[in-house]
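# Here is my input; please provide its structure:
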Amino acid sequence: MTSADTSHELALVALQSSAQPGELEVIETHMSWVFLLKDQVLKLKKPVRQAFLDFTQLGYREAFCREEVRLNARLAPGIYQGLMALTLVDGRPLLVNEPLVHRSSYVVDWLVHMKRLPRARMLDEAMAHRTVLEGDVDALVRILADFYRTAVPANISPMHHVDRMLQELRLSSRVLLDPRWVVPGAAQAIQQMRTGLALHQAALGIRALSGRIVDGHGDLRPEHVCLLHPPVVIDCIEFSASLRQVDPFDELAFLALECRMAGAGWIGERVMSGCERALGDRPTHTVLQLYTAHRALVRARLSVAHLLDPQPRTPERWMPQAGRYVMHAQMALDALLLNESVEPPESTSSAR
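Residues are numbered from 1 along each chain as shown. Modelled structure (predicted):
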């Protein structure tokens, strides 16, 4: 039998046999191999196991491919085309649309099939080239507000909401304070975050008590937003329901953080204020700063975690990136300290 570790090589052979010269581009991520063609994208999950996911078995990878297609239809309708099977026919690898897979075919692996989006209209690229217009942002607000307004509520208790953030902080502490490296400012930011969660767990708990936690996207970053007409948002978290169970303003604070780090803070601010108006919801300054610091520390942890790979890709990138995230976490925590004594508590009367 063919090992799942060689699936990407077989998929590459199958694609090279049909692609035009120079048309195929291959990108390796932490959890996937992504094959870019002229107008389509195929994504193959790596056979990896981590604390929050298990892709080691073919059945698991197939199930999560199906979840990826199903869940992303919410914010990217028409982009996800379904599944393709990597099969062997007379010993030759062949990619086949799922409806055409013969019952007796030997399926080596499954891939997610997508339409390719225009790179220039991805939000990270558009920010880099300063081509984002206010109308683009307002259209994104409408999409996100409609999504959160109709999202399935998550039955999360106030204690559970805070405990999840504490668990993420423990994971971040374990990685960022690993003695094998030094991340400047990490120890202070982690301690201040721990203190902030202890002092303001009631403010965070109110978000859950008010029914604000929903089955959201889970990874709302600029590189997942495409400014089409209307915009679409791809690559939601499919492998963990708990990581998708979020306060919308946790995700929006994350997007605002990423925009600010890219030098386009006005975009995140406009999305945030637009969603506040559309949803009739305005979290306290305390909650937003805690969400921002929480997300920044998680991203710092994930940056450093690349160095734990047996053969890290672009190893020179991760420590400087982690340092930038820690700096922004510290900025949010400093802003929290400056305002915590003057801010009124959030009302619980406007339940979702």
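
# Which helix or which strand is home to Asp334?
Secondary structure from DSSP states H and E places Asp334 in helix 318-339.

# sorry, that was for Val137
helix 134-150.

# and that helix, which residues are buried?
The neighbour-count check on helix 134-150 (16 or more other C-beta atoms under 10 Å) flags 136-137, 139-141, 143-145, 147-148 as buried. Bear in mind the C-beta positions are built from the backbone N, C-alpha and C, glycine included.

# residue contacts, the most centrally placed residue in the chain?
The centre of the chain sits closest to Asp219, judged by C-alpha atoms, centre = their mean, with a distance of 1.9 Å. By C-beta atoms under 8 Å, 6 or more residues apart in numbering, the residues touching Asp219 are 235-237.

# Switch the residues you listed over to JSON lines; also include distance to Leu42.
Shown next, in JSON lines, are those (distance: C-beta to C-beta, whole Å):
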{"residue": "Asp235", "distance to Leu42": "14"}
{"residue": "Cys236", "distance to Leu42": "18"}
{"residue": "Ile237", "distance to Leu42": "20"}
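
# Quick check on the residues you listed: which are buried?
Neighbour counting with 16+ other C-beta under 10 Å marks 235-237 as buried within the contacts of Asp219.

# Could you count how many residues lie near Val183?
By other C-beta atoms under 10 Å, the residues close to Val183 number 21.

# Ala186 too?
Neighbour count for Ala186, taken as other C-beta under 10 Å: 26.

# For Ala19, see how far away the residue nearest to the centre of the chain is.
To Ala19, Asp219 is 29 Å away according to C-beta to C-beta, to the nearest Å.

# circling back: for the helix holding Asp334, the distance to its chain's centre please.
Distance of helix 318-339 from the chain centroid (C-alpha atoms, centre = their mean, to the nearest Å) equals 19 Å.

# That helix - contacts with which helices or strands?
helix 186-199, helix 248-261, helix 285-305 (3 or more C-beta pairs under 8 Å, 6 or more residues apart in numbering; DSSP states H and E).

# Could you give me the buried positions within it?
318-319, 321-323, 325-326, 328-333, 335-336.

# can you pull the contacts of the residue lying closest to Arg194 once chain neighbours are set aside?
Nearest non-adjacent residue to Arg194, counting by C-beta to C-beta, 6 or more residues apart in numbering: Leu169, 6.3 Å away. Neighbouring residues of Leu169 by C-beta under 8 Å, 6+ apart: 190, 193-194, 197, 294, 297.

# List the neighbours of the helix or strand of the chain with the lowest mean pLDDT that are in contact with it.
Taking mean pLDDT, DSSP states H and E as the measure, the helix or strand of the chain with the lowest value is strand 49-50, at a mean of 86. Here strand 49-50 makes contact (C-beta under 8 Å, 6+ apart) with 55-56.

# what do you get if the cut-off is 10 Å, keeping everything else the same?
30-31, 55-57, 60, 239, 305 (C-beta atoms under 10 Å, 6 or more residues apart in numbering).

# pLDDT-wise, what's the bottom of those residues?
For these, the model is least confident at His30; its pLDDT is 83.

# my read: that residue touches Phe239, true?
No - using C-beta atoms under 10 Å, His30 is not in contact with Phe239, being 12.0 Å away.

# These two: which is more packed in?
Neighbour count, other C-beta under 10 Å: between His30 and Phe239, Phe239 has more, with 19 against 12.

# so who does that one touch?
By C-beta under 10 Å, 6+ apart, the residues touching Phe239 are 31, 45, 50, 52-55, 60, 63-64, 67-68, 218.

# Can you flag which of the residues you listed belong to strands?
The members of the contacts of Phe239 that map onto strands under DSSP state E are 45, 50, 53-54.

# out of those, who's nearest Asp90?
Nearest to Asp90, judged by C-beta to C-beta, of the ones in strands among the contacts of Phe239 is Lys45 at 26.0 Å.

# Next, count neighbours for the closest one.
Residues near Lys45, counting by other C-beta under 10 Å, number 26.

# Would you agree Cys275 is in contact with Leu288?
No - if you go by C-beta under 10 Å, Cys275 and Leu288 don't touch, sitting 11.9 Å apart.

# what sits in contact with each of these two?
With C-beta under 10 Å, 6+ apart as the test, Cys275 and Leu288 both reach 249, 252, 282.

# Can you tell me how far the second one is from Glu276?
Think Leu252. Per C-beta to C-beta, Leu252 is found 9 Å from Glu276.

# Kindly report the same for Ile267.
Ile267 sits at a distance of 15 Å from Glu276 (criterion: C-beta to C-beta).

# Comparing these two, which residue is more hemmed in?
Ile267 (24 against 16).

# I'd guessed Ala202 sits against His161; true?
No - Ala202 is beyond contact range of His161, at 11.2 Å (criterion: C-beta under 10 Å).

# Which stretch among the helices and strands packed on helix 318-339 approaches Leu95 most closely?
The closest of the helices and strands packed on helix 318-339 to Leu95 is helix 285-305. By C-beta to C-beta, the value is 30.7 Å.

# can you give me the angle the closest one makes with helix 318-339?
On the basis of axes from the mean of the first three to the mean of the last three C-alpha atoms, to 10 degrees, helix 285-305 is oriented at 170 degrees to helix 318-339.
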